[in-house]
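sequence and predicted structure below; questions after.
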Amino acid sequence: MSRVYNFSAGPSMLPLEVLEKAQKEFVCYGTSGMSVMEMSHRSKDFEEILYHAENTLRELMKIPENYKVLFLQGGGSTQFAMIPMNLMNKNHKADYVKTGQWASKAAQEAQRYGKVNIVASSEDTTFNQIPELDSSKFDADADYFYITLNNTIYGTRYTTLPETGKVPLVGDMSSSILSEEIDITRFGLLYAGAQKNLGPAGVTVVIIREDLLGNAMEFTPTMLRYDIHAKNNSLYNTPPTYGIYFAGLVFDWVKQQGGVKAVQKINEQKAAILYDFLDNSNLFQGTVVKKDRSLMNVPFVLPTEELNKKFIAEAESKGFVNLKGHRTVGGMRASIYNAMPMEGVKALVALMEQFERENK
Ligand SMILES: *Cc1c(COP(=O)(O)O)cnc(C)c1O
């Protein structure tokens with residue numbers, strides 16, 4: 001069977017070259033005589049894999065020296081708890097912007113550990129935009145200010161970051177890491193689960209400014225303390241070794257594409273092809289306010305539920321899979337992460353054009 005165009009929101013498509021490289025090395029890695037999966041995490045081979053991954057990511061994202069890069073487990077969702085446990089430690093309060101389900105879940109979890117102030121929300125318009133931020137509502141004494149940079153379900157993204165002064169900005173970039181350039185120095189902490197843009201599920205990357213380490217709440221489990229993982233270079237216990245290896249291959253791939261800036265350019269072109277079609281279509285319609293459109297997740301609808309279903313079924317029969325939108329938005333969603341080739345987006349638009357001709 002041949003590979004399909006997979007528009008899944010996550011786990012999602014991975015670069016074919018990377019899958020093939022991993023396949024080649026699957027049974028025997030280098031001169032080790034074993035698979036990466038069979039290696040001790042304390043072995044020299046694995047240490048090299050870990051440091052190579054970290055250093056390549058540092059280079060790609062221009063991560064300054066005073067930030068630690070951690071490879072953890074527990075997915076993006078564990079960060080919803082780790083962040084307050086480790087950072088809500090001075091005034092026991094934090095500002096959150098509610099831009100979708102992931103932001104809401106993060107805020108809800110943080111409420112268990114301190115006071116959460118919802119600075120703004122776009123819930124009243126089904127999260128179809130990033131809400132206007134009024135800095136007079138920001139709490140100058142907040143321990144941190146939390147945003148979700150790209151909202152996977154609703155297809156929105158921040159194009160400008162909030163000015164939070166001395167309050168550390170914390171960002172969930174699970175569905176946008178390495179898709180566009182970002183100024184790390186604007187953040188106290190950034191994190192991303194791997195399964196959207198970095199590799200298989202099972203590893204979570206955390207980038208944290210060093211001065212934020214070491215103040216975890218007393219009851220914080222050892223495994224949920226950033227300082228413990230930082231001190232041990234992500235080797236406090238057995239890290240997700242294969243996931244780290246695979247993410248390292250994806251980092252190499254991004255570098256081969258010309259780095260984040262080059263990848264961003266391609267992502268902008270890919271997204272523009274889809275959005276231009278949606279803007280000119282008499283049948284398909286985008287659901288997001290133009291200024292806040294995501295480069296990674298593109299939700300759209302047809303005029304009736306019947307047509308949505310028909311389109312999804314037709315697409316699937318032609319090798320375009322996982323286009324069904326999230327149940328809270330309905331319709332369709334095309335997730336076009338870094339690994340989705342330009343030709344996949346062009347082929348999708350050609351399919352939509354054909355569908356429009358046949359169903360007007
Ligand atoms: C997928 C996703 C999450 C949750 O990740 P898990 O690894 O499933 O816990 C969190 N935030 C964003 C923006 C996501 O896209």
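Looks like it came in fine.

give me the buried positions along the strand or helix carrying residue 254.
Per DSSP states H and E: residue 254 is located in helix 241-256. Within helix 241-256, the residues scored as buried using 16 or more other Cβ atoms under 10 Å are 241-255. The way it works is simple: take the backbone N, C-alpha and C, and place the C-beta from them, glycine included.

and what of stretch 149-162?
Buried-residue list, stretch 149-162, by 16+ other Cβ under 10 Å: 149-158, 161-162.

could you do stretch 132-139 as well?
Result for stretch 132-139 [16+ other Cβ under 10 Å]: buried residues 133, 138-139.

from these, which is closest to the ligand?
residue 133 (18.4 Å; Cβ to the nearest ligand atom).

next one: the biggest helix by length in the chain to chain centre, how far?
Ranked by number of residues, the top helix in the chain under DSSP state H is helix 260-280. How far helix 260-280 lies from its chain's middle: 17 Å, per Cα atoms, centre = their mean, to the nearest Å.

re earlier: from the buried residues of stretch 149-162, pick the one nearest the ligand.
residue 152 (3.4 Å).

and the stretch 1-150 of the chain, which residues reach the ligand?
10, 75-77, 102, 148 (Cβ under 6 Å from any ligand atom).

hang on, the earlier thing: next step: the buried residues of stretch 149-162 restricted to strands.
Judged by DSSP state E, those include 150-151, 156-157 as members of strands.

kindly reformat those residues as TSV containing pLDDT and distance to residue 90.
Listed next are these as TSV, based on pLDDT from 0 to 100; distance: Cβ to Cβ, whole Å:
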residue	pLDDT	distance to residue 90
150	98	29
151	98	29
156	98	31
157	98	30
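
name the nearest of those residues relative to residue 196.
Comparing those against residue 196 with Cβ to Cβ places residue 150 closest, at 8.9 Å.

give me the number of residues near the nearest residue to the closest one once chain neighbours are set aside?
Among residues not flanking residue 150 along the chain, residue 176 sits closest, at 3.5 Å (Cβ to Cβ, 6 or more residues apart in numbering). Neighbour count of residue 176, defined by other Cβ atoms under 10 Å: 27.
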